[in-house]
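what shape does this take:
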Amino acid sequence: MKKVRTHTFNGITYTIQMGEIDGWADTNDKYAIIVSCPPNTQNELITIIHEAMHAGNWSKHEETVDRSSAEIGRLLWRLGYRRNAPRD
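Model (predicted):
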């Protein structure tokens, strides 16, 4: 299975990394999303959605992103969405 290393949000390509903090998206000098939650957990799914939402639209307030990512993540988890590839 191919590992995802980059993804484009709003015309900007971000590197995707599994790192040392729960979640972080950067727009300063390097565009990157870092996610480090226990793999194959609902928290990992919600964190990935949260950081992707930031990358897609930086104008949204943190509270909105928190709520929306949690709601979407819980729905996807209930529907059975799980990671099927190993993490880097």
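
contacts, neighbours, all on C-alpha from now
Will do.

could you point out the longest helix in the protein?
Looking across the chain with DSSP state H, the single longest helix is helix 62-78.

by contact count, what packs against that one?
Contacting helix 62-78 under the criterion 3 or more CA pairs under 8 Å, 6 or more residues apart in numbering; DSSP states H and E are the following elements: helix 42-56.

got the contact list for the helix it packs on?
Applying CA atoms under 8 Å, 6 or more residues apart in numbering, the contact partners of helix 42-56 are 9-10, 22-25, 33, 35-38, 60, 65-66, 68-70, 72-74, 77.

remind me, longest strand of the chain?
The strand that spans the most residues within the chain, counting by DSSP state E, is strand 12-18.

against residue 83, how distant is residue 62?
Computed as CA to CA, to the nearest Å, the residue 62 to residue 83 distance reads 25 Å.

got the CA positions of the longest strand of the chain in CSV?
Extracted in CSV, the C-alpha atoms of strand 12-18 (Å, rounded to 0.1, in the frame of the first residue of the first chain):
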residue,chain,number,x,y,z
ILE,A,12,-0.8,24.4,-1.2
THR,A,13,1.1,21.1,-0.9
TYR,A,14,1.8,20.0,2.6
THR,A,15,4.1,17.3,3.7
ILE,A,16,2.5,14.7,5.9
GLN,A,17,4.5,13.4,8.8
MET,A,18,3.8,11.2,11.8
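
what angle do it and helix 42-56 make?
An angle of 160 degrees separates the directions of strand 12-18 and helix 42-56 when computed by axes from the mean of the first three to the mean of the last three CA atoms, to 10 degrees.
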